[in-house]
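>>> Dropping a prediction and its sequence here:
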Amino acid sequence: MRSIVYKIFFPLLIPLSGCGIYSFTGASISPDVKTISIQQFYNNAPLGPSNMSVIFTESIKDYFQQNTSLQLVDENGDLQLDGYIDNFTVTPVGANSAGSQNDASFSQLSRITITVFATYTNTKDGTFDFERRFSFFKDFDQNEDLSSVEQEYSEEIFDQIVVDIFNASVANW
């Protein structure tokens, strides 16, 4: 059995390990790209938790470090990423019937939406450069106190936006 594994499995791995472009995270980074610089994403949103800027910036740095072999540098990396948190909104999305004409109707569900503007520059190949907005949302029940769930939901939204930026930049999706 072991000889079958050596004859079939290892010959398949050799082409994948030698090219330097493929990774199991989906990133397709050229072998000549070694560094990435991620600048502070500033908070330009009028609402939301006060520490959104720090949370988002650290989340995106951590994600790139965990899912690529790129070295994080302060500035002038082979890949450069910066931007800002553009918007944080809370809007009603689900109606709740009051039951009678005299009672007020309220929304049963609300939606937190966060939008991040990102600029990505690949100094080795400019065809992958972009400037665009990334947005995601989380619905929550109106019975929940927004101030108690705002931080948690913001982090969940940021996790998805980080993945979207990663896919758009180094995974080329």
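Yes, it's here.

>>> Just name the shakiest helix or strand of the chain by mean pLDDT.
helix 2-19 (a mean of 50; mean pLDDT, DSSP states H and E).

>>> ok now do the closest residue to A168 other than its chain neighbours, which residues does it touch?
Of all residues not flanking A168 in the chain, F130 sits nearest, at 6.6 Å (Cβ to Cβ, 6 or more residues apart in numbering). Quick note: C-beta positions are derived from backbone N, CA and C, even for glycine. Residues near F130 by Cβ atoms under 8 Å, 6 or more residues apart in numbering: 118-120, 168-169.

>>> can you pull the pLDDT of F130?
On pLDDT, F130 comes in at 97.

>>> the helices in this structure, which residues?
Assigned by DSSP state H, the helices in the chain fall at 2-19, 52-67, 146-169.

>>> Check which helices and strands the second one sits against.
Spelled out, it's helix 52-67. strand 35-38, strand 42-43, strand 71-73, strand 79-96, helix 146-169 (3 or more Cβ pairs under 8 Å, 6 or more residues apart in numbering; DSSP states H and E).

>>> can you do 10 Å?
When contacts are defined as 3 or more Cβ pairs under 10 Å, 6 or more residues apart in numbering; DSSP states H and E, helix 52-67 packs onto strand 35-38, strand 42-43, strand 71-73, strand 79-96, strand 106-122, helix 146-169.

>>> Tell me how far the shortest one lies from the chain's centre.
Shown here is strand 42-43, whose average C-alpha point lies 15 Å from the average C-alpha point of the whole chain (Cα atoms, centre = their mean, to the nearest Å).

>>> Tell me who's in contact with the closest residue in space to S50 that isn't next to it in sequence.
Spatially, and ignoring its direct neighbours in sequence, S50 is nearest to N43 (7.9 Å; Cβ to Cβ, 6+ apart). N43 makes contact with 49-57, 84-86, 88, according to Cβ atoms under 10 Å, 6 or more residues apart in numbering.

>>> Can you pull the poorly scored residue ranges out of this protein?
Filtered on pLDDT under 70, the chain yields the residue ranges 1-27, 95-107, 173.

>>> hang on, isn't F64 packed against N167?
No: contact criterion Cβ atoms under 10 Å: F64 and N167 do not qualify, at 12.0 Å.

>>> Settle it for me: which of those two has more neighbours?
F64 (21 against 15; other Cβ atoms under 10 Å).

>>> Distance of that one relative to F88?
Separation of F64 from F88 (Cβ to Cβ, to the nearest Å): 23 Å.

>>> hang on, the earlier thing: counting neighbours, which of the contacts of N43 comes out on top?
Counting by other Cβ under 10 Å, top hit in the contacts of N43: F56 with 26 neighbours.
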